[in-house]
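Asks: Sharing a model that was predicted from the sequence below.
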Amino acid sequence: MDDYPLIENHGLVGDLQTAALVTTEGAIDWFCSPRFDSPSVFGALLDKENGGHCTVRPAHPTHSTKQLYLPDTAILVTRFMTEAGAGEVVDFMPVTGTATTDRHRLVRLVRCVRGTMTFDVEVAPRFDYGLMKHEVHITPHGAVFVAEDGTELTVHPVREPEDERLTEIMTHRDADVQVSLTLAAGEQRGLILEMGADGPPREVRRAEHEQLFEETAVFWRTWLAQSRYTGRWREVVERSAITLKLMTFAPSGAVVAAPTAALPEQLGGERNWDYRFTWIRDASFSVYALLGLGFTEEARAFIVWLGNRVKERAGRHGDTGPLNIMYKVDGSSDLTEQILDHWEGYEGSAPVRIGNGAATQLQLDIYGEALDSIYFAHRHGFTLGHGGWTSLRTDLEWLADHWDQAEEGIWETRGGRQDFTYGRVMSWVAFDRALRLAQATGWPSAPGRWQAERDAAYEQVMAKGWSEKRQAFVQHYGTEVLDSSLLRMATVGFVTPGDPMWTATLDAMEQELVSDSLVYRYNPDASPDGLRGSEGTFSLCTFMYVDALARAGRTDRARLVFEKMMGYANHLGLYSEEIDPTGRQLGNFPQAFTHLALIDSAITLNEALDAR
């Protein structure tokens with residue numbers, strides 16, 4: 001399994017409809033098209049032999065690598081250094097518009113900056129998760145891969161008329177293409193890999209490539225200039241903002257949880273989930289982060305997307321209520337889970353899952369998160385309008401009848417439903433924010449019913465969610481297990497940060513869930529979740545812990561935990577879902593939830609430090 005790169009040894013490029021991962025060794029080993037949740041074209045990240053890849057690397061076996069983003073952009077530079085020379089690969093995807101398109105371009109510029117360097121280039125797609133065969137046709141001006149269903153990947157060489165023709169040195173084996181390029185200092189070539197091309201392969205002049213490069217750089221720098229963040233950790237926060245933007249599907253405004261699928265939470269384990277979808281919970285949190293930084297259009301787009309989800313199922317509730325916990329980026333909800341038996345999984349971590357069987361779970365907390373984000377957006381000048389509010393009222397009628405029941409909970413456990421404390425807390429939030437919205441707007445409401453249910457949820461949590469024995473709020477009723485999702489209790493205003501019950505809960509979590517500043521979600525040995533194996537610490541929860549500490553006045557401790565967490569980012573400032581005891585990143589990468597929590601905690605901690 002040594003041939004697999006570390007999960008953290010990747011950078012991310014994208015065009016706001018899909019994205020690709022690039023390793024520090026110059027390999028694109030994950031790319032789906034035409035959307036984040038489409039079948040893969042390159043998938044070596046999940047099966048090094050059968051997944052497919054596009055690799056550009058020095059022929060010299062001994063070399064060192066460095067990888068960085070051009071400042072304030074999503075343009076990735078992978079540098080290679082040998083005694084004979086230094087070279088680099090510049091990767092980016094020209095940004096598409098807001099109209100859904102099948103045309104997506106991966107631009108790979110190859111250049112030598114010192115001495116001489118020979119690069120080995122291989123383009124080896126494996127369409128539809130490697131299930132579909134393909135042919136390759138080499139022309140005088142490039143190459144095109146054609147899958148059995150007619151899907152095409154076109155390779156356009158970047159060259160000048162006097163340059164050696166790439167097509168003259170192309171070879172192909174097993175319907176793949178290999179090229180060897182020897183460049184001297186100042187020379188450059190390149191490839192543009194295009195899905196959905198409107199014509200045959202063609203040679204791209206350097207001026208055209210440079211125009212694509214400049215347009216992409218200007219887009220990202222112009223977008224980032226909207227940020228109003230001026231606090232500490234500006235570079236870290238803004239890199240997280242760019243990462244979130246890369247995971248946003250521009251045509252709908254939906255944010256995917258991660259651009260990857262089936263990366264393991266435990267090496268060799270079965271906790272391998274597909275995260276290429278939009279969770280109501282995760283995306284709702286994005287409203288706080290986006291508005292906190294000043295990105296109003298992105299927040300507005302998501303509120304519109306959320307409003308459409310609310311309206312489309314109003315009155316059609318079924319067993320899991322009017323809202324699904326997750327959707328595809330276009331708002332559709334068929335997320336049937338499948339297992340790719342022909343792929344071995346990252347470092348042998350099978351099964352490889354696509355789709356997500358948790359989509360049909362009952363998770364009551366999503367109503368609180370949705371209402372909280374809508375209320376927060378309203379305070380910043382956004383509104384749902386009459387149709388959205390009418391649908392929300394219908395959803396609240398359902399919640400009033402169903403909040404007091406067992407559910408699967410925020411962590412999507414598969415061990416049966418429980419009376420999760422966090423679900424009850426967020427039900428309280430849903431009713432509370434609905435009351436505040438109605439009072440602020442004068443919209444028609446049911447204040448008597450909503451207030452009664454809000455108060456009942458509060459009293460129930462205080463009576464059943466609190467353990468005298470543990471001196472802490474617990475994961476679900478009738479247990480002594482702690483759960484870090486409850487770190488949000490003070491954030492949403494259910495308890496005050498200085499409440500003795502809350503500070504005692506923080507102390508209990510410190511003893512049981514915190515390991516050298518890193519935070520576990522819960523202890524699966526004490527609270528079986530229906531899955532084998534264990535997992536690492538959850539990066540989202542560590543940033544939530546920072547936020548909770550800062551709100552409780554423990555600013556020195558909060559800053560130390562935050563600074564330690566900075567050390568677990570990869571070389572580009574990116575985070576996967578989890579961190580194992582060795583400091584290695586695990587789970588899908590990069591994870592939106594983690595970067596959202598980073599932004600929120602940075603804002604909260606910065607304000608707390610300024611207020612001292």
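Replies: Yep, that arrived. Residues are numbered from 1 along each chain as shown.

Asks: tell me, which strand in this structure spans the most residues?
Replies: For the chain, the longest strand by residue count, based on DSSP state E, is strand 104-124.

Asks: Would you state the strands of the stretch 501-612 of the chain in chain order?
Replies: For the stretch 501-612 of the chain, applying DSSP state E, counting those that start in this stretch gives strands covering 514-515, 518-519, 537-538, 578-579, 585-586.

Asks: so how far is the longest strand of the chain off the chain centroid?
Replies: 28 Å (C-alpha atoms, centre = their mean, to the nearest Å).

Asks: rewinding a little: now render the strands of the stretch 501-612 of the chain as JSON lines, adding mean pLDDT, distance to residue 143 and mean neighbour count.
Replies: Using the backbone N, CA and C atoms, a C-beta is placed for each residue, glycine as well. JSON lines is the format used below for those (pLDDT from 0 to 100; distance: least, C-beta to C-beta, whole Å; neighbours: other C-beta atoms under 10 Å):
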{"stretch": "strand 514-515", "mean pLDDT": "94", "distance to residue 143": "50", "mean neighbour count": "16"}
{"stretch": "strand 518-519", "mean pLDDT": "96", "distance to residue 143": "47", "mean neighbour count": "24"}
{"stretch": "strand 537-538", "mean pLDDT": "95", "distance to residue 143": "44", "mean neighbour count": "26"}
{"stretch": "strand 578-579", "mean pLDDT": "96", "distance to residue 143": "39", "mean neighbour count": "26"}
{"stretch": "strand 585-586", "mean pLDDT": "96", "distance to residue 143": "35", "mean neighbour count": "26"}
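
Asks: can you tell which of those strands is closest to residue 111?
Replies: Across the strands of the stretch 501-612 of the chain, residue 111 has its closest neighbour in strand 585-586 (29.8 Å, C-beta to C-beta).

Asks: Could you name the helices and strands sitting against the helix or strand harbouring residue 372?
Replies: Using DSSP states H and E, residue 372 maps to helix 365-379. For helix 365-379, the elements it packs on are helix 280-293, helix 296-312, helix 385-402, helix 421-441, judged by 3 or more C-beta pairs under 8 Å, 6 or more residues apart in numbering; DSSP states H and E.

Asks: so which of the ones you listed comes closest to residue 469?
Replies: Between residue 469 and the helices and strands packed on helix 365-379, the tightest spacing by C-beta to C-beta is seen for helix 421-441, at 15.1 Å.

Asks: Average pLDDT for that closest one, rounded please.
Replies: If you average the pLDDT over helix 421-441, you get 97.

Asks: Buried residues of it, list them for me.
Replies: Neighbour-count burial for helix 421-441, counted by 16 or more other C-beta atoms under 10 Å, picks out 421-435, 437-438.

Asks: I'd like the strands of the stretch 501-612 of the chain written out as a markdown table, with distance to residue 593 added.
Replies: Below are the strands of the stretch 501-612 of the chain laid out as a markdown table (distance: least, C-beta to C-beta, whole Å):
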| stretch | distance to residue 593 |
| --- | --- |
| strand 514-515 | 19 |
| strand 518-519 | 13 |
| strand 537-538 | 9 |
| strand 578-579 | 11 |
| strand 585-586 | 14 |
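
Asks: right, and those - which one's nearest residue 494?
Replies: Of those, nearest to residue 494 by C-beta to C-beta is strand 518-519, at 19.4 Å.

Asks: Parallel or antiparallel, list what pairs with the closest one.
Replies: Strand 518-519 pairs in its sheet with strand 514-515 (antiparallel), by DSSP bridges.

Asks: got a list of contacts for the strand it pairs with?
Replies: 520, 537, 545, 581 (C-beta atoms under 8 Å, 6 or more residues apart in numbering).

Asks: about what we covered before: report the angle between the helix holding residue 372 and helix 385-402.
Replies: Put simply, helix 365-379 runs at 150 degrees to helix 385-402, going by axes from the mean of the first three to the mean of the last three C-alpha atoms, to 10 degrees.

Asks: picking that back up, need the helices and strands packed on helix 365-379 in TSV with distance to residue 525, can you?
Replies: Formatted as TSV, the helices and strands packed on helix 365-379 follow (distance: least, C-beta to C-beta, whole Å):
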stretch	distance to residue 525
helix 280-293	25
helix 296-312	36
helix 385-402	31
helix 421-441	19
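
Asks: Of the ones you listed, which is nearest residue 190?
Replies: Nearest of the helices and strands packed on helix 365-379 to residue 190, taken as C-beta to C-beta: helix 296-312 at 31.2 Å.

Asks: Do I have it right that residue 154 meets residue 198?
Replies: No: if you go by C-beta atoms under 8 Å, residue 154 and residue 198 don't touch, sitting 9.6 Å apart.

Asks: More neighbours: those two, which one.
Replies: residue 154 (23 against 7; other C-beta atoms under 10 Å).

Asks: wait, what's in contact with residue 128?
Replies: Residue 128 makes contacts with 39, 40, 147, 149, 151, as judged by C-beta under 8 Å, 6+ apart.

Asks: From residue 45, how far out is it?
Replies: To residue 45, residue 128 is 16 Å away according to C-beta to C-beta, to the nearest Å.

Asks: Any stretches of this protein with poor pLDDT?
Replies: 1-2, 164-170, 314-318, 414, 526-534 (pLDDT under 70).

Asks: which SSE is the residue lying farthest from the centre of it in?
Replies: Most distant residue from the mean C-alpha position of the chain: residue 162, 43.4 Å away (C-alpha atoms, centre = their mean). If you go by DSSP H and E, residue 162 is not part of any helix or strand.

Asks: how much space between it and residue 206?
Replies: Computed as C-beta to C-beta, the residue 162 to residue 206 distance reads 11 Å.

Asks: Next: residue 303.
Replies: Per C-beta to C-beta, residue 303 is found 43 Å from residue 206.

Asks: okay, those two: which has more neighbours?
Replies: With neighbours defined as other C-beta under 10 Å, residue 303 and residue 206 compare such that residue 303 has more, 23 against 15.

Asks: Show the residue spans covered by the helices in the stretch 151-300 of the chain.
Replies: 206-224, 234-246, 280-293, 296-312 (DSSP state H, counting those that start in this stretch).

Asks: circling back: give me the buried subset of the contacts of residue 128.
Replies: For these, a burial check counting by 16+ other C-beta under 10 Å picks out 39, 40, 147, 151.

Asks: Noted, bye for now.
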